[in-house]
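Visitor: Next one to model:
(2 chains)
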Number of protein chains: 2
Amino acid sequence: MDEGPAPAAGPPGDRVAALIGGAVGGSVRAIARLISMIESGGDAAAGVAAGLLGRPRGATVLGITGPPGVGKSTLITALIGRYRSRAARVAVLAVDPSSPFSGGALLGDRVRMNEHGTDPGVFIRSMSSRGELGGLSTATAGAADLLSAIGFDVVIVETVGVGQNEVAVLRLADTVLVVLSPGLGDGIQAAKAGILEIADVLVVNKADREGVATTVRDLKSMVALGRSGAADAGRWRIPVLTTVAVDRATDPDGAERAGIDRLLDAVDTHRQHLDRHEGADARAVRRAEAAVEALVLQRLQAALHAPAGRESLARAATEVAAGGADTHTAADRVLRGLIGG
Amino acid sequence: MDEGPAPAAGPPGDRVAALIGGAVGGSVRAIARLISMIESGGDAAAGVAAGLLGRPRGATVLGITGPPGVGKSTLITALIGRYRSRAARVAVLAVDPSSPFSGGALLGDRVRMNEHGTDPGVFIRSMSSRGELGGLSTATAGAADLLSAIGFDVVIVETVGVGQNEVAVLRLADTVLVVLSPGLGDGIQAAKAGILEIADVLVVNKADREGVATTVRDLKSMVALGRSGAADAGRWRIPVLTTVAVDRATDPDGAERAGIDRLLDAVDTHRQHLDRHEGADARAVRRAEAAVEALVLQRLQAALHAPAGRESLARAATEVAAGGADTHTAADRVLRGLIGG
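Guide: Got it, this is the predicted structure:
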């Protein structure tokens, strides 16, 4: 082993390598520092990505989304418990694209998850950004990749809704759970298209509440309608499951949780389905594609915000404002000028 | 006047011109059709932009944002009423980045605004998209520009929160109102940085509720803290106003609305401040800059989704998945390859 400095690895590379070493060893501080570097983007994020090159990624990435108030965090807490009983190391990335307005709620959620707060096999982090478009999904993809590379077995990515940012974030998941609760009624109708596009498993949480039968029936017929056309043997059938995930903070004795094991079974079954029909390699390629695409957009945005980009934008905007060009023509010119060299 | 066909204006250009003519004449159908073309992006959107070239844009663009439940829609309904009494034509674009989950709520909001539903001087449209990142803000900017160009005096852009998408959307507004309600407490603390960055006027709606004095005091001290450092005579001081905007549907007799006139005064004062310190031309340039920037990003995304782009992405992803390159290096290569020619 040559212990002299490699040409490409200057002091920043050494520092990243040391942090990655610490993170693999379980240092929460090192993990947090690396995620901050990923969030800051640019050279720091690129340095972390380079430092992780060649490490195997073994984690199952679970995406969990649903409207506010359906009990996503309590459900995640219950899932963490089951994964821990299998001795799996679990990380949670709580993604909040509309922060800081909902920042308060997210903090509350993190506190609720603190049932596992002192367990070294559990890492919980919230990701939020008021920064550039695409920045949050890029950072989340980077953080999930890091957590997988340093040895977590399960990475749970929690988000709210199925808007543009959320879909970008959820593209990195192996399995996506969409969580609803009884009585959403109209909401489910409106969400139809979005849900079927993204869900691998549908979960009706708070299944001890009134209206659960109706909600389950509505979802099942929605799934059946979405499967119209010729039967496809290789196609995944979205299961509709019910769960009761009770918050230990409000129900310290009972901690009655129902349906969690069946939910984990469904996740495992979906994973097997993926392995059979897509394979781990194809999945890795798909995930890399989402990550590279998000980064390409972020790179362009960085170029736009550099001095040359700002100048080119300002020139174009002046022309548009004076009525000399429309925005589309001006945008084409800026894009070509920026990267065409 | 040469009435022969100009080389650039084929039949699609004629059709856009006819629609624009209809929209100027007040045809709701023509306006809706043009906005759909803008939303669909690509050549259709570029065609509309080209068709509007040279038309003056006279509208004041008002951005209104705030967390769910503070009464934004009722407040907008009240504002529309006041603007109508000044004989101003008003358009509302309700932007919902996290649709379709909140689609239901938005529909309800639209119904509530229907107090003005039969008034030909009022146009209301919801914008939502589960499509490409940046697509929603681009489409909203395009729609606001259209509405301004066809003669609306006021364009109100309503959004929820101050996340990435919302900030992009609100960049096109002359004046941004951030609406809160009493008792948000922690929420306000968390939202501090985001609010000060974006608000021109702070509104505490539902001011007949308990806790309004505390909320106003908190916001005022927040504004005062944000103004630290040397006094700047040309700097806008964010006013904190209280309003009571009552829903006519739930309160058909009373319709008691307080503070709306003072709110309009504050908007007018801010507009005068802008005219004095920035000027209409500089503002038009700033708005064009936001529009062009969003379009540049969208153009790149379109290039990524074209066959050559897909192929380049797939190649990069395969290399990343095999451990041959990190995502950042791969993204650089894709970006250069795509546009570098």
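Visitor: Could you say which helix or strand holds residue A:335?
Guide: Secondary structure here is read from DSSP states H and E; on that basis residue A:335 sits in helix A:327-340.
Visitor: so where is chain A shaky, pLDDT-wise?
Guide: Screening chain A residue by residue with the criterion pLDDT under 70, one finds the ranges A:1-11, A:96-115, A:117, A:128-134, A:161-167, A:184-194, A:226-233, A:247-256, A:339-341.
Visitor: Just want the angle from the top helix by length along it to helix B:279-305.
Guide: With residue count as the measure and DSSP state H as the assignment, chain A has helix A:279-305 as its longest helix. Interaxial angle of helix A:279-305 relative to helix B:279-305 (axes from the mean of the first three to the mean of the last three Cα atoms, to 10 degrees): 150 degrees.
Visitor: Show me how far helix A:279-305 is from its chain's centre.
Guide: When C-alpha coordinates are averaged (Cα atoms, centre = their mean, to the nearest Å), helix A:279-305 and its chain have centres 14 Å apart.
Visitor: same check, this time on stretch A:321-329
Guide: Centroid separation between stretch A:321-329 and its chain, computed with Cα atoms, centre = their mean, is 38 Å.
Visitor: Return the set of buried residues in that stretch.
Guide: By neighbour count, and taking 16 or more other Cβ atoms under 10 Å in any protein chain shown as the criterion, the buried residues in stretch A:321-329 are A:321, A:325-329. All C-beta atoms are positioned from the backbone trio N, CA, C, and that covers glycine.
Visitor: And for that stretch, what's in contact with it?
Guide: Around stretch A:321-329, the neighbours that count as contacts under Cβ atoms under 8 Å, 6 or more residues apart in numbering or on different chains are A:316, A:319-320, A:333, B:45-46, B:49-50, B:52-54, B:142, B:145, B:281, B:284-285, B:287-288, B:291-292, B:295.
Visitor: CA-only coordinates of that stretch in CSV, if you can.
Guide: Below are the C-alpha coordinates for stretch A:321-329, written out as CSV (Å, rounded to 0.1, in the frame of the first residue of the first chain):
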residue,chain,number,x,y,z
ALA,A,321,-38.6,44.2,-21.0
ALA,A,322,-38.0,46.6,-24.0
GLY,A,323,-40.2,44.4,-26.2
GLY,A,324,-37.3,43.4,-28.4
ALA,A,325,-37.6,39.6,-27.8
ASP,A,326,-40.1,37.2,-26.2
THR,A,327,-39.0,35.2,-23.1
HIS,A,328,-38.7,31.9,-25.0
THR,A,329,-36.4,33.2,-27.7
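Visitor: tally of neighbours for the residue nearest to residue A:289 when sequence neighbours are not counted?
Guide: Nearest non-adjacent residue to residue A:289, counting by Cβ to Cβ, 6 or more residues apart in numbering or on different chains: residue B:317, 3.7 Å away. Neighbour count for residue B:317, taken as other Cβ atoms under 10 Å in any protein chain shown: 24.
Visitor: Helix or strand: which one has the spatially closest residue to residue A:54 that is not a sequence neighbour?
Guide: If the residues on either side of it in the chain are set aside, residue A:54 comes closest to residue B:323, at 4.8 Å by Cβ to Cβ, 6+ apart. With the criterion set as DSSP H and E, no secondary-structure element contains residue B:323; it sits in neither a helix nor a strand.
Visitor: Whichever of the contacts of stretch A:321-329 end up buried, select them in PyMOL.
Guide: For selection in PyMOL, the members of the contacts of stretch A:321-329 meeting the burial criterion (16+ other Cβ under 10 Å) are listed in this command:
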select buried, (chain A and resi 316+319+320+333) or (chain B and resi 45+46+49+50+52+142+145+284+285+287+288+291+292+295)
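Visitor: Determine the angle, from 0 to 180 degrees, between the helix or strand where the residue nearest to residue A:289 lies and helix B:279-305.
Guide: Secondary-structure element containing residue B:317, defined by DSSP H and E: helix B:307-321. Going by the same axes, to 10 degrees, helix B:307-321 is angled at 70 degrees with respect to helix B:279-305.
Visitor: now helix B:307-321 against helix B:327-340, angle please.
Guide: Counting by the same axes, to 10 degrees, helix B:307-321 lies at 160 degrees to helix B:327-340.
Visitor: residues of the host helix or strand of residue A:73 that come out buried?
Guide: Following DSSP H and E, the helix or strand that holds residue A:73 is helix A:72-85. Residues of helix A:72-85 classed as buried under the neighbour-count rule (16+ other Cβ under 10 Å) are A:72-81, A:83-84.
Visitor: mind giving me the domain split of chain A?
Guide: By the record's domain assignment, chain A is partitioned as A:11-55, A:56-278, A:306-340 (automatic domain parsing).
Visitor: Ok, which of those comes nearest residue B:160?
Guide: Each of these was scored for nearness to residue B:160 using Cβ to Cβ, and the closest is domain A:56-278 (7.0 Å).
Visitor: First residue to last residue on the closest one, what's the distance there?
Guide: This stretch, domain A:56-278, spans 19 Å end to end (Cα to Cα, to the nearest Å).
Visitor: from the chain's centre, how far out does that domain sit?
Guide: With Cα atoms, centre = their mean as the basis, domain A:56-278 stands 10 Å off its chain's centre.
Visitor: Now do the helices in chain A.
Guide: Using DSSP H, the helices assigned to chain A run over residues A:11-24, A:28-40, A:42-51, A:72-85, A:103-113, A:135-149, A:164-170, A:186-198, A:212-226, A:260-277, A:279-305, A:307-321, A:327-340.
Visitor: What is the fourth one packed up against?
Guide: Using 3 or more Cβ pairs under 8 Å, 6 or more residues apart in numbering or on different chains; DSSP states H and E as the contact criterion, the neighbours of helix A:72-85 among helices and strands are strand A:60-65, strand A:90-96, helix A:103-113, strand A:154-158, strand A:244-245, helix A:260-277.
Visitor: now the ones you listed as JSON lines including distance to chain B and mean neighbour count?
Guide: As requested, the helices and strands packed on helix A:72-85 are arranged in JSON lines below (distance: least, Cβ to the nearest Cβ, whole Å; neighbours: other Cβ atoms under 10 Å in any protein chain shown):
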{"stretch": "strand A:60-65", "distance to chain B": "8", "mean neighbour count": "25"}
{"stretch": "strand A:90-96", "distance to chain B": "8", "mean neighbour count": "26"}
{"stretch": "helix A:103-113", "distance to chain B": "3", "mean neighbour count": "18"}
{"stretch": "strand A:154-158", "distance to chain B": "14", "mean neighbour count": "26"}
{"stretch": "strand A:244-245", "distance to chain B": "20", "mean neighbour count": "24"}
{"stretch": "helix A:260-277", "distance to chain B": "15", "mean neighbour count": "15"}
